[in-house]
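1. I would like the atomic coordinates for the input below:
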Amino acid sequence: MSLSYVLAWLLPWLTGTGICLAATRGARTWADVAAAAGTGFIIGLVLVSLLGSWFAADDVTATFSRVAPWLTGTGVLAWSAAIALRRRRILPLAPAMPTMWRALWWLAVVVIVARLGVLASEAWLRPTFPWDAWSAWAVKPKTWFLLGHQAPFVPVGGWLADGTGGSRTAAIWDYPELLAWIQVWFASAAGGWNEPLVNLAWTGALAALALASYGYWSAFGLRPLPAIGLTYALVSLPLLGAHAALAGYADLWLAVVFGLATLSWVRWLRSGERAHLVLAAGLALCMPFVKLEGAVWLLLSSVVAALALLPRRWRWGVVAALGVLGVTGIVLGGFVFPMLGLGWVSVSWGQVGIPALGELDLRWRPVGTQMLAGLLTLPNWHLLWYVVPLVLAWRWRVVVAARDARALAALVGSCAVFLFVLFFFTDASAWAENYTSANRLVLHLVGPVFTLIAVLLVDAFPAVPGTAPAPEGPTAPA
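-> Got it, this is the predicted structure:
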């Protein structure tokens with residue numbers, strides 16, 4: 001393994017971590033360090049994608065050599081700012097717990113690392129294998145890398161009309177390209193289109209989500225053992241592991257970005273630190289550039305976040321007003337609105353028009369049996385969708401009383417309603433009938449769902465004697 005490939009991992013991680021620490025004025029606890037390190041890896045790769053598209057479009061194979069200096073300079077500036085702005089506070093070396101509980105904590109860490117190692121070995125042992133991975137998501141970066149430059153992808157008609165031969169076409173010609181540049185970055189650092197080395201990035205993305213989740217959940221006040229246990233539950237989900245081991249799909253990356261944006265947003269709701277709101281907004285804006293469905297999650301997240309800013313007595317009035325405007329627009333013949341990444345979406349009676357998907361006819365499709373099978377009986381989710389209703393029923397008072405829990409529940413609920421309409425009222429029901437994309441779309445919500453569970457469990461467990469106090473308490477009602 002070459003030095004450049006090792007640096008291709010270290011540079012984004014260090015640069016992104018420096019950016020997070022600079023934005024939040026350093027770390028107060030090791031939970032903050034974990035949150036910054038996990039979030040920073042993804043931020044660093046987003047920066048790699050942007051720099052690659054700017055500086056390496058004419059020579060894709062030189063992406064690493066052209067982007068690395070810019071990334072290094074950004075990292076030096078970020079770490080300099082982080083050190084200058086740091087809070088002067090001594091960090092505890094490890095979670096303060098009795099010996100037995102500390103041993104259990106370390107055992108869970110070892111099991112999580114082993115789990116990630118197994119997933120990495122699976123990705124290491126094979127070329128790009130899943131259908132959509134090699135037929136869709138790897139097409140652009142592999143084509144660019146083998147050609148040596150970024151070739152435009154156009155519709156079939158445009159490709160046939162192109163007499164120069166400079167363009168390319170594919171069924172997925174309009175897919176977002178943020179992930180493509182990340183793949184190019186690792187291929188360039190490896191010295192060739194080595195698919196196992198490129199695909200290891202999927203395990204890195206899952207590890208980043210796990211590390212950031214543990215850090216943020218601990219910062220919210222969740223005690224060390226429940227936090228590490230919940231982190232293991234996250235990385236052990238069969239479908240999440242399948243997307244890391246059989247690397248190549250964009251769904252894992254969208255789940256990671258959505259999860260990190262949610263974590264930063266909740267941290268802002270709890271602490272009021274504006275830097276976390278900026279991080280949340282930046283990550284959320286990346287979602288449509290990872291996968292087209294990210295535009296929907298961005299819209300729903302933005303609406304819920306905006307409503308959370310309003311005084312409680314105004315929220316239902318605003319929701320009612322928006323509902324009245326929507327119904328009035330449909331009665332008057334329909335309306336259109338813009339969605340980042342999807343263009344102008346049209347809504348009329350019984351029909352929704354999305355430029356990337358075409359016209360969707362809204363009518364009932366009975367796919368309840370298939371959806372319940374995918375969520376509750378097939379080996380995709382362990383017991384997650386049994387546990388979530390139980391936790392909500394047990395801790396419903398927290399949802400009613402706490403601002404962050406209520407906002408999170410609204411976000412997860414609105415996303416669930418969208419998926420219900422999509423699968424039960426549009427032709428996307430076929431994805432549930434053949435057990436294909438339905439669970440992949442649900443996968444995008446894993447981060448917000450686990451964060452909701454973590455927030456609900458913050459005060460659910462009594463303190464273990466000798467355990468350090470939680471760094472951050474629950475939010476006040478609002």
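2. show me where the stretch 151-300 of the chain has strands.
-> 153-154, 168-169 (DSSP state E, counting those that start in this stretch).
3. among the ones you listed, which is nearest residue 85?
-> strand 153-154 (42.7 Å; CB to CB). (Glycine included, C-beta is placed from N, CA and C.)
4. where are the low-confidence patches of the chain?
-> 87-96, 356, 462-478 (pLDDT under 70).
5. Relative to the centre of it, find the outermost residue for me.
-> Largest separation from the mean C-alpha position in the chain: residue 163, at 40.2 Å (CA atoms, centre = their mean).
6. What are the buried residues along the helix or strand where residue 72 lies?
-> For residue 72, the element it lies in under DSSP states H and E is helix 63-85. Going by neighbour count (16 or more other CB atoms under 10 Å), the buried part of helix 63-85 is 63-64, 66-68, 70-71, 74-75, 78-79, 81-82.
7. After it, heading C-terminal, what element do we hit next?
-> Next helix or strand after helix 63-85 toward the C-terminus (DSSP H and E): helix 99-124.
8. for that next one, packing partners?
-> For helix 99-124, the packing partners by 3 or more CB pairs under 8 Å, 6 or more residues apart in numbering; DSSP states H and E come out as helix 195-220, helix 224-235, helix 238-245.
9. Now these in a markdown table, please, with extra columns for distance to residue 323 and mean neighbour count.
-> Shown next, in a markdown table, are the helices and strands packed on helix 99-124 (distance: least, CB to CB, whole Å; neighbours: other CB atoms under 10 Å):
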| stretch | distance to residue 323 | mean neighbour count |
| --- | --- | --- |
| helix 195-220 | 32 | 25 |
| helix 224-235 | 35 | 20 |
| helix 238-245 | 34 | 21 |
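10. just so I know, which of the ones you listed lies nearest residue 114?
-> Evaluated over the helices and strands packed on helix 99-124, closeness to residue 114 peaks at helix 224-235, with 10.2 Å, by CB to CB.
11. which outside residues touch the closest one?
-> Helix 224-235 is contacted from outside by 95, 97, 101, 104-105, 108-109, 111-112, 115-116, 206, 209-210, 213-214, 217-218, 222, 240-241, 382, 384, 446, 450, 453-454, 457, 460-461, 464, 467, using CB atoms under 8 Å, 6 or more residues apart in numbering.
12. Pull out the buried residues from these.
-> Of the contacts of helix 224-235, these count as buried by 16+ other CB under 10 Å: 95, 97, 101, 104-105, 108, 112, 115-116, 206, 209-210, 213-214, 217-218, 222, 240-241, 384, 446, 450, 453-454, 457, 467.
13. hang on, the earlier thing: got phi/psi on the residue farthest from the centre of the chain?
-> phi -80, psi -10 (degrees, to the nearest 10).
14. TSV for the buried residues of helix 63-85, including distance to residue 307?
-> Below are these laid out as TSV (distance: CB to CB, whole Å):
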residue	distance to residue 307
63	41
64	43
66	43
67	39
68	42
70	39
71	37
74	35
75	37
78	33
79	37
81	33
82	33
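15. Between those, which sits nearest residue 124?
-> Using CB to CB, residue 64 is the member of the buried residues of helix 63-85 that sits closest to residue 124, with 20.0 Å.
16. So which residues make contact with the helix holding residue 72?
-> By CB under 8 Å, 6+ apart, the residues outside helix 63-85 that reach it are 4, 7-8, 11-12, 14-15, 18-19, 21-22, 25-26, 44, 47-48, 51-52, 55-56, 59, 181, 184-185, 187-189.
17. if we can go back for a sec, which of the buried residues of helix 63-85 sits closest to residue 267?
-> residue 82 (17.2 Å).
18. any idea how far residue 239 is from that closest one?
-> 36 Å (CB to CB, to the nearest Å).
19. Please look at residue 205 and residue 253 and confirm they touch.
-> Yes. Between residue 205 and residue 253 a contact is recorded at 5.7 Å, counting by CB atoms under 8 Å.
20. What strand or helix carries the spatially closest residue to residue 367 that is not a sequence neighbour?
-> Nearest residue to residue 367, sequence neighbours excluded (CB to CB, 6 or more residues apart in numbering): residue 432, at 4.3 Å. Following DSSP H and E, one finds residue 432 within helix 429-433.
21. which strands and helices sit next to the next helix or strand after that helix?
-> As assigned by DSSP H and E, the chain's next helix or strand after helix 429-433 is helix 437-443. Packing partners of helix 437-443 (3+ CB pairs under 8 Å, 6+ apart): helix 238-245, helix 251-271, helix 403-425, helix 429-433.
22. how far out from the middle of the chain is the shortest one?
-> Spelled out, it's helix 429-433. Put simply, helix 429-433 sits 24 Å off its chain's centre (CA atoms, centre = their mean, to the nearest Å).
23. Not counting its own residues, what contacts that helix?
-> Around helix 429-433, the neighbours that count as contacts under CB under 8 Å, 6+ apart are 365, 367, 370-371, 374, 423, 437-438, 441.
24. just those now: which is nearest residue 155?
-> When these are compared for distance to residue 155 (CB to CB), residue 437 comes out closest, at 22.3 Å.
25. what's near enough to touch that closest one?
-> By CB under 8 Å, 6+ apart, the contact list for residue 437 reads 428, 431.
26. and if you look at residue 415?
-> Taking CB under 8 Å, 6+ apart as the test, what residue 415 contacts is 297, 300, 444-445, 448.
27. export those to JSON lines and tack on neighbour count and distance to residue 127?
-> Rendered in JSON lines, the data for the contacts of residue 415 read as follows (neighbours: other CB atoms under 10 Å; distance: CB to CB, whole Å):
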{"residue": "297", "neighbour count": "28", "distance to residue 127": "30"}
{"residue": "300", "neighbour count": "18", "distance to residue 127": "36"}
{"residue": "444", "neighbour count": "26", "distance to residue 127": "26"}
{"residue": "445", "neighbour count": "21", "distance to residue 127": "30"}
{"residue": "448", "neighbour count": "24", "distance to residue 127": "33"}
